[in-house]
Each structure stands twice: as structure tokens, then as C-alpha cells.
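> I would like to see how this sequence folds:
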Amino acid sequence: MINRSLESILASLEGKAWSGRAFRVMLNEYPPDRENKRGARWSPPDIAAIYICLEPSVCIAEVEYGLSRQSRPIKAGLRKTLYEIDVGLAATVDLAPILPELERIGIGTSHLFADDMKFSQEIGRLVTWFGFDGMLVPSARKTGTNLVIFPDWTNESYRFDVVDQRVLD
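Down below sits the predicted model:
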């Protein structure tokens, strides 16, 4: 029942062009356009995604949380670089307006932000199935917004240009 209801809610979304500045923290030599192909909060392992944030502080909070969850100590000298990126997408959906609808079908923010990412990953899978190339989502770490880019679903209008970078302390 939840799956059909979820499909109906997501099918009702209208993708809109999105462009603007976003931020991403990358570790050591990893490039800012590196895709996550192992799966994460909003993307199952078979769907490549690039996770960026609309606010630098949210981006830093996301990375610090990820590092705090590592099973081994962080190596000394780990370099964190904050990138400012000019992004353009053709068909992006915003999940914030539909959060009350998701709650009504039994998918609350506690489910979306849980360690078990089955609900949020299913949303990412369906968003790409409906042909959207990006998704605005609330951050699980700090008040703010993340943008999940699905590069395999972008078209010739896709833009991902680094405009600035700085190494964090």
C-alpha cells in the first residue's frame, strides 16, 4: 500500500529547471563531481548520485557526521576542500512540499532520516524512474537543503562548474 501511495505522490510532482550555487566538501584528492555509486541516503547502490548542499554550513555538517561514523580513526592530514559550484538541471523536484503527504502514508522524517535508508532510497529510485535529474531534500544533519543530482538522467543542459574552492581547517 505504501509503495503505490508513494508512487502516486511522486508521480504528481512537476520537475522544474533549477540553477544556482551549491556547495560540496570533498576529501583529499577526490574531485567535486565524483559520483556516489555505492548507495547513500537518497540513492540505492545501482543509481549514481552527486550530493551537494545549498548552504556551506550544511555541507560541512554532513561531512563531519560521515567522518564521525567511521569505524577507524581518521588519518592525520586529511584534507577537506569546500567547493562552490554553479549547477544547472532541467527537471528537479522539491520534496519539502510533499513531506506532509509522505507523513500521511506512514513515511515521516524519522523514516527518511533513519539509519535504515530503505524509504529514502526508494524515493530516489522512483524520482529517477519518473525521469527527474535532481531532487531537493531536507538535510538530516542540520536545518538546510541538499540537492541530489542524478547524472545518468541529466541532458545537454546540465551544468556543474566549480567557481571557487577553499581548504577547510
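
> Please name the residues that touch the residue sitting nearest the centre point of the chain.
The residue lying closest to the centre of the chain (CA atoms, centre = their mean) is Val148, at 3.0 Å. Counting by CB atoms under 8 Å, 6 or more residues apart in numbering, Val148 touches Trp42, Ser43, Ala49, Ile50, Tyr51, Gly124, Gly134, Met135, Val137. Every C-beta, even on glycine, is put in place using the N, C-alpha and C of the backbone.

> Most widely separated two among those residues?
Using CB to CB, the two most remote members of the contacts of Val148 are Ile50 and Val137, lying 13.1 Å apart.

> Dump the contacts of Val148 into a markdown table; add pLDDT and secondary structure as well.
Listed next are those as a markdown table, based on pLDDT from 0 to 100; DSSP: H, G, I helix; E, B strand; the rest coil:
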| residue | pLDDT | secondary structure |
| --- | --- | --- |
| Trp42 | 96 | coil |
| Ser43 | 96 | strand |
| Ala49 | 98 | strand |
| Ile50 | 98 | strand |
| Tyr51 | 97 | strand |
| Gly124 | 96 | helix |
| Gly134 | 98 | strand |
| Met135 | 98 | strand |
| Val137 | 97 | strand |
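
> Just name the closest of those residues to Phe113, please.
Val137 (10.1 Å).

> Show me the beta-bridge partners of that closest one.
Val137 forms beta bridges with Asn146, as assigned by DSSP bridges.
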